[in-house]
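**Student:** here is a sequence with its predicted model. Questions after.
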Amino acid sequence: MTSRRTFITGSSVAALTLISHNSLLTGCKPQPAITKGNLPLVISTWKHGIAANDAAWNVLNKGGRALDAVEQGVMVSESDPEVHSVGYGGYPDRDGCVTLDACIMDELGNCGSVAYLQHIKNPISVARLVMEKTPHIMLTGDGALQFALDNGFRKEDLLTESSRAEWEKWKIKNNYNPINWENHDTIGMLALDKSGNLSGACTTSGLAWKYHGRVGDSPIIGAGLYVDNEIGGACATGKGEAVIKMCGSFLIVEMMRQGKSPLDACRTAIERIAKRQKDFREFQVGFIALNKRGEYATYSLQKGFQYAVCDGGNNRLLDSDFYIKD
């Protein structure tokens, strides 16, 4: 007769064996369902998130508000001419115009957004002013530009010589398909401050060589970014059209509300893209998520998505798990 102790021990061994077998099949180590950091904490997308995290951490470590941290953090990427997918130095659309999208959301559910904004280096700060100074959530195009100028922002030429040279080379090819893989590295950031409050920011110059007037997911609350201070927050990066179709960030926060871990919520969102969008092998989407307890995770469609996490002053760049293993 099998004792209860023997049964439990045998079941545990079987479970571990199954996990090890699955790991060999997928070629990667099993990722824990829960990764928990220490407060305060900031997480952001891609390699340029490291420098952005440093700026955000300077705010958080002094007891600052998460909202201030995410604004200051993503401004680093917006102002860096070497980051060709965000702000100053971003690759232009097919007509040679650098157009920017950004949104921000605080712990109170307040949010602001700008889309198709030209000539302003730091659209995230304009988005914050839309949130704080107007009865609206989103301003676009010439209206967003005029609002920025009325509030003291300086009009600048955002097309750097480096980006202009790449655009000129692209025009010779006469290929009007916008870049999917090489340039969609939105900076999305989520922060949890010492008071336990969440905020998020998302900002981008969008797909390189896009149609003039195109707007992606980054300025859309619920698509590129969503924060609920009772539950958690999520940000998206990658092909904006794919994220908009399924309200990606909102979906992840709602799944966390239902009890899913950040990892399970991100994975489920990616699986839904793969199920519903037949061309999913032709583009990249990645999500980051952070819940109220300081548990965080990421997941992406394709290999190659990286994210940066900083807590306790330890800022590191990590590789995300991903869906397409073959």
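**Tutor:** Structure received. Residues are numbered from 1 along each chain as shown.

**Student:** what's the helix or strand for the nearest residue to Asp157 once chain neighbours are set aside?
**Tutor:** Nearest non-adjacent residue to Asp157, counting by CB to CB, 6 or more residues apart in numbering: His119, 7.3 Å away. Every C-beta, even on glycine, is put in place using the N, C-alpha and C of the backbone. Assigned by DSSP states H and E, His119 belongs to no helix or strand.

**Student:** and the residue sitting nearest the centre point of the chain, what pLDDT?
**Tutor:** A centroid search over the chain (CA atoms, centre = their mean) returns Gly188, at 3.1 Å, as the residue closest to the centre. On pLDDT, Gly188 comes in at 98.

**Student:** same check on Gly37?
**Tutor:** pLDDT, read off for Gly37, is 75.

**Student:** could you give the number of residues near it?
**Tutor:** By other CB atoms under 10 Å, the residues close to Gly37 number 19.

**Student:** quick one: low-confidence ranges for the stretch 151-300 of the chain?
**Tutor:** Applying pLDDT under 70 to the stretch 151-300 of the chain picks out residues 174-184.

**Student:** 50 - rerun?
**Tutor:** Within the stretch 151-300 of the chain, the stretches with pLDDT under 50 are 180, 182-183.

**Student:** helices of that one, start to end?
**Tutor:** Using DSSP state H, counting those that start in this stretch, the helices found in the stretch 151-300 of the chain span residues 161-173, 240-244, 248-257, 262-276.

**Student:** so which bits of the shortest one are buried?
**Tutor:** Of the residues in helix 240-244, Gly240, Ala242, Val243, Ile244 count as buried by neighbour count, 16 or more other CB atoms under 10 Å.

**Student:** now Lys275: how far from Ala236?
**Tutor:** Distance, Lys275 to Ala236, by CB to CB, to the nearest Å: 17 Å.

**Student:** neighbour count winner among those two?
**Tutor:** Each of Lys275 and Ala236 has its neighbours counted (other CB under 10 Å); Ala236 has more, 32 against 10.

**Student:** for that one, give me its contacts.
**Tutor:** 186, 188, 202, 217-218, 223-225, 243, 248-249, 285-287 (CB atoms under 8 Å, 6 or more residues apart in numbering).

**Student:** run the last query once more with 6 Å
**Tutor:** Taking CB atoms under 6 Å, 6 or more residues apart in numbering, we find Ala236 in contact with Asp217, Gly224, Val243, Gly248, Ser249, Phe287.

**Student:** taking these together, which two end up most distant?
**Tutor:** Using CB to CB, the contacts of Ala236 span at most 11.1 Å, a distance reached by Asp217 and Phe287.

**Student:** check which helix or strand Val42 maps to.
**Tutor:** strand 41-45.

**Student:** counting by contacts, list what that strand packs against.
**Tutor:** helix 49-60, strand 187-192, strand 306-311 (3 or more CB pairs under 6 Å, 6 or more residues apart in numbering; DSSP states H and E).

**Student:** next helix or strand past the first one?
**Tutor:** Put plainly, it is helix 49-60. Downstream of helix 49-60, the first helix or strand assigned by DSSP H and E is helix 66-79.

**Student:** next, the buried residues of that next one.
**Tutor:** In helix 66-79, counting by 16+ other CB under 10 Å, buried: 66-78.

**Student:** columns distance to Ile172 and pLDDT on top of these, output as TSV?
**Tutor:** Below are these laid out as TSV (distance: CB to CB, whole Å; pLDDT from 0 to 100):
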residue	distance to Ile172	pLDDT
Ala66	45	98
Leu67	44	98
Asp68	44	98
Ala69	43	98
Val70	39	98
Glu71	39	98
Gln72	39	98
Gly73	37	98
Val74	33	98
Met75	34	98
Val76	33	98
Ser77	29	97
Glu78	29	98
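
**Student:** and those as JSON lines, adding distance to Phe147?
**Tutor:** Compiled in JSON lines, the buried residues of helix 66-79 are given as follows (distance: CB to CB, whole Å):
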{"residue": "Ala66", "distance to Phe147": "25"}
{"residue": "Leu67", "distance to Phe147": "20"}
{"residue": "Asp68", "distance to Phe147": "21"}
{"residue": "Ala69", "distance to Phe147": "24"}
{"residue": "Val70", "distance to Phe147": "21"}
{"residue": "Glu71", "distance to Phe147": "17"}
{"residue": "Gln72", "distance to Phe147": "21"}
{"residue": "Gly73", "distance to Phe147": "23"}
{"residue": "Val74", "distance to Phe147": "19"}
{"residue": "Met75", "distance to Phe147": "18"}
{"residue": "Val76", "distance to Phe147": "23"}
{"residue": "Ser77", "distance to Phe147": "22"}
{"residue": "Glu78", "distance to Phe147": "17"}
